[in-house]
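S.K.: got a predicted model here, sequence first, then my questions.
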Amino acid sequence: MKESRKRTGMLIIMGFSILFTASCELLTEEVIREGDVVGTWSFEDATAQVYVGNVNITRLLVVTYGLSQEEAEVKMDSLVDDFLEETGETLVLNADHTYLIDGEGDNDEAGTWEFDAQKDALRLTRSGAEVPEKYTVKELTQQTMILVMPSGFEVLDLDGDGALETNCTIVGELHMKKIQPVN
């Protein structure tokens, strides 16, 4: 009987020790809240996979257009850089759930935003649009955010003749850094 009580007591102590350790670990993890996305975010970098049908564009540039692997990668980097320039420099997410993308020239964009932490989703609804663009939040800290863009469709000039001739599907990520919180 005494042995049984000793074992029960030891099990209870071990159980509390495990719970205490686990709860301490949870307290040290950074919890991201909707308020953490509020602020001014600078577009730092983008990565993209571009496909023509099921073929990766880099492979297409090598096989169809005769570019070397290095030349195809430079062309791809140039397309991503052009996209970043068109996107703008900053994304401002205001506490009142409005947003502004500071674009090049007249390419500013404004609307409303929603953040769904349960689904890792940031939805931007452009003013005048009915359907939001849904971005998957791949990474979010108080200072960095990586968004996976919704798959898009673009017509690109791959041969450099100035004419848009190639239908492409683009899957990309936007890498952003918070440059200032909004109060």
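M.R.: Sure thing, it's come through. Numbering: from 1, shown residues only.
S.K.: burial check on Leu100, number of neighbours?
M.R.: Neighbour count for Leu100, taken as other Cβ atoms under 10 Å: 16. Just so you know, the C-beta spots here come from the backbone N, C-alpha and C atoms, and that holds for glycine as well.
S.K.: ok, so what distance separates it from Met176?
M.R.: 14 Å (Cβ to Cβ, to the nearest Å).
S.K.: give me the most central residue, the protein.
M.R.: In the chain, the residue lying closest to the centroid (Cα atoms, centre = their mean) is Leu147, at 0.6 Å.
S.K.: just checking, that residue touches Tyr135?
M.R.: Yes. Using Cβ atoms under 8 Å, Leu147 is in contact with Tyr135, at 4.1 Å.
S.K.: please identify every residue contacting each of these two.
M.R.: 122, 174 (Cβ atoms under 8 Å, 6 or more residues apart in numbering).
S.K.: sorry, back to before: any idea how far Glu139 is from the residue nearest to the centre of the chain?
M.R.: 9 Å.
S.K.: report the beta-bridge partners for Glu109.
M.R.: Listed by DSSP bridges, the beta-bridge partners for Glu109 are Ile101.
S.K.: neighbours of it, just the number please.
M.R.: 16.
S.K.: domain map for this protein?
M.R.: Domain assignment for the chain by automatic domain parsing gives 1-30, 34-180.
S.K.: now the helices for the protein?
M.R.: 2-28, 57-63, 69-87 (DSSP state H).
S.K.: and the shortest one, what's buried?
M.R.: Translated: helix 57-63. Buried residues in helix 57-63, counted by 16 or more other Cβ atoms under 10 Å: 57-58, 60-62.
S.K.: cool, stretch 39-54 as well?
M.R.: Those would be 39-41, 43, 46, 48, 50-52, for stretch 39-54 by 16+ other Cβ under 10 Å.
S.K.: do me a favour and get the end-to-end distance for stretch 111-120?
M.R.: End-to-end distance for stretch 111-120, by Cα to Cα, to the nearest Å: 20 Å.
S.K.: now find how far off-centre that stretch is within its chain.
M.R.: 12 Å (Cα atoms, centre = their mean, to the nearest Å).
S.K.: same thing with stretch 143-154?
M.R.: The answer for stretch 143-154 is 4 Å, by Cα atoms, centre = their mean.
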